[in-house]
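Engineer: sequence first, then the predicted structure, then my questions.
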Amino acid sequence: DAGVTQSPTHLIKTRGQHVTLRCSPISGHKSVSWYQQVLGQGPQFIFQYYEKEERGRGNFPDRFSARQFPNYSSELNVNALLLGDSALYLCASSFPAGELFFGEGSRLTVL
Amino acid sequence: TQLLEQSPQFLSIQEGENLTVYCNSSSVFSSLQWYRQEPGEGPVLLVTVVTGGEVKKLKRLTFQFGDARKDSSLHITAAQPGDTGLYLCAGAARGSARQLTFGSGTQLTVLP
């Protein structure tokens, strides 16, 4: 079975631009969570979606937004990119009360 | 805001040595998880501890949850080069099992 897949794996943007990151959960998983991992730190919770509804939001500015589609895939959008947004963005999927399975992440570099 | 502090941040040891990684917080968590992350990959769950005082063993790894559910430790016996990686603890508050608070991680290097 395919694991959590994320795209793109690497991307470079400049300050002020916008980025969209995509995540396909493991088949049957209806919950998707997004985390930001800055180099040298642990992941930080951004959003959780379940059945296409936002179920939780971390301490991130409104420049960060997300959505979940009917097929349970998800997008994370970041507007007006700042240098500090450079990080590995991780998507994780799960059953409602089960283990989180993480994808390999999207490495974003903002110049 | 719940915070998890991990120590040490970096650990380099010789093959065969034992080590302990600590994860501490002033907050109570309903459960605590330990993950291992390798370069270019996402974290992979090692164990979940739920009950205060709980001890779980996974081969040479022993995990303990503090009695007050505020701290945890990971002990590795006879470390091997394959144990090299970033070890992360993560706590879940009650009702927020999918919204984890991660520690800053312990980068372990086991030298042959």
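Structural biologist: Received, thanks.
Engineer: which residues of chain B lie near chain A?
Structural biologist: Within chain B, the positions lying close to chain A (CB under 8 Å from any CB of the partner chain) are B:1, B:4, B:6, B:40-45, B:48, B:88, B:90, B:96-105. Quick note: C-beta positions are derived from backbone N, CA and C, even for glycine.
Engineer: so where's the chain uncertain?
Structural biologist: The chain I'm using is chain A. Chain A contains residues with pLDDT under 70 at A:1.
Engineer: could you do chain B instead?
Structural biologist: Using pLDDT under 70, the flagged stretches of chain B are B:1.
Engineer: and the strands in it?
Structural biologist: B:5-7, B:10-14, B:19-24, B:31-37, B:44-49, B:55-58, B:61-65, B:71-76, B:85-92, B:100-102, B:106-111 (DSSP state E).
Engineer: pull out the buried residues from the last one.
Structural biologist: If you call a residue buried by 16 or more other CB atoms under 10 Å in any protein chain shown, then strand B:106-111 has these buried ones: B:Thr106, B:Gln107, B:Leu108, B:Val110.
Engineer: how about these, which pair is most distant?
Structural biologist: B:Thr106 and B:Val110 (12.4 Å; CB to CB).
Engineer: what residues does chain A put near chain B?
Structural biologist: A:4, A:31, A:33, A:35, A:40-45, A:48, A:50, A:55-56, A:58-59, A:90, A:92, A:94, A:97, A:99-105.
Engineer: which of the residues you listed fall in helices?
Structural biologist: Using DSSP state H, no member of the residues of chain A next to chain B falls within helices.
Engineer: among those, name the buried ones.
Structural biologist: A:4, A:31, A:33, A:35, A:42-45, A:48, A:50, A:55, A:58, A:90, A:92, A:94, A:100-105.
Engineer: among those, which ones are in strands?
Structural biologist: The members of those that map onto strands under DSSP E are A:31, A:33, A:35, A:44-45, A:48, A:50, A:55, A:90, A:92, A:94, A:101-102.
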